[in-house]
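>>> Coordinates for the following, if possible.
(one chain, ligands or ions: 2)
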Amino acid sequence: MSMRNYTAAIFDLDGVIADTARFHYLSWKSIAADEGFDIPKVVDDRVKGVDRMTSLNIVLEYAARAYSTAEKEALAARKNERYIELITSLTSDDVLPGARELLEQLQQAGIGRALASASRNAVAVLEALQLMDLFDYIADANYITYPKPHPEIFLTAAQGLKVAPVNCVGFEDAEAGVTSIKSAGMFAVGVGSATLLREADLIVPDLVQFDPASCFRL
Ligand code: B16
Ligand code: MG
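Numbers count the residues shown, from 1 in each chain. Ligands and ions are numbered 1, 2, ... in the order given. Modelled structure (predicted):
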């Protein structure tokens with residue numbers, strides 16, 4: 001594997017920087033309960049990295065009836081209210097192991113740092129985690145047309161940093177996210193399961209195990 005001197009790092013949020021997946025799952029579960037059905041644990045993985053409406057459609061596969069567009073919008077809004085309530089409990093202690101240290105090391109080395117999250121609540125999460133100062137650019141999910149695995153969000157992040165995609169390293173915990181990074185023409189670091197993320201150029205169980213010197217000049 002060729003190790004290059006990449007000049008920017010682009011991070012997914014949920015599963016890489018913070019474990020917000022449990023809050024997404026709890027919110028969806030409570031919405032399903034209101035509607036009189038239950039969702040299996042696999043939904044937790046199925047909605048990872050997937051935008052809100054697509055996630056809702058996955059959840060509704062387990063419902064007993066069909067829902068109209070207006071009903072779906074109301075359910076998505078209610079899920080979001082619950083999610084926002086849950087993320088208020090986040091503090092700087094909830095940053096996943098190695099993430100803050102890596103961001104700080106990259107900042108000191110002058111490596112650009114951006115966020116490429118499908119979440120429209122990304123800024124609120126970063127604020128709660130007290131990580132806002134460590135990012136140069138946050139791609140706004142509100143203005144993204146094509147969700148992951150499409151490369152748009154990673155390309156938008158690179159553009160925001162003013163760095164060519166070929167000089168960027170992307171970090172992802174989801175299969176669709178790794179595909180997004182590869183389609184953007186970037187070096188992909190998969191964070192998590194080696195079987196799920198085999199498309200990645202490098203796979204680490206968590207960011208503590210990632211050696212920044214393998215990609216960046218520090
Ligand atoms: P929101 P990521 C994703 O975050 C989550 O993994 C996914 O479960 C969620 O549905 C999506 O954000 C949208 O979140 O409802 O807050 O806009 O992994 O791309 O950081
Ligand atoms: Mg993720």
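>>> what residues does the chain put near ligand 2?
Contact residues, the chain versus ligand 2 (CB under 5 Å from the ion): Asp12, Asp14, Gly15, Gly49, Asp173, Ala174. To be clear about C-beta, it is placed using only N, CA and C from the backbone, and glycine gets the same treatment.
>>> for those, which one is nearest Gln130?
Using CB to CB, Asp14 comes nearest to Gln130 of those, at 17.3 Å.
>>> Doesn't Asn142 belong to a helix?
Yes - using DSSP: H, G, I helix; E, B strand; the rest coil, the assignment for Asn142 is a helix.
>>> give me every residue that touches it.
By CB atoms under 8 Å, 6 or more residues apart in numbering, the residues touching Asn142 are Arg120.
>>> Kindly provide the distance from it to ligand 2.
18 Å (CB to the ion, to the nearest Å).
>>> Can you give me the pLDDT of that residue?
If you check Asn142, the pLDDT there is 91.
>>> now do Met1
For Met1, pLDDT reads 47.
>>> How about Asp45?
At Asp45, pLDDT is 87.
>>> again with Gly160
The model reports Gly160 with a pLDDT of 98.
>>> Surely it is in contact with Asp140, unless I've mixed up the numbering?
No - when contacts are counted by CB atoms under 8 Å, Gly160 is not listed as touching Asp140 (9.2 Å).
>>> Have a look at the two and say which one is more surrounded.
Gly160 (20 against 15; other CB atoms under 10 Å).
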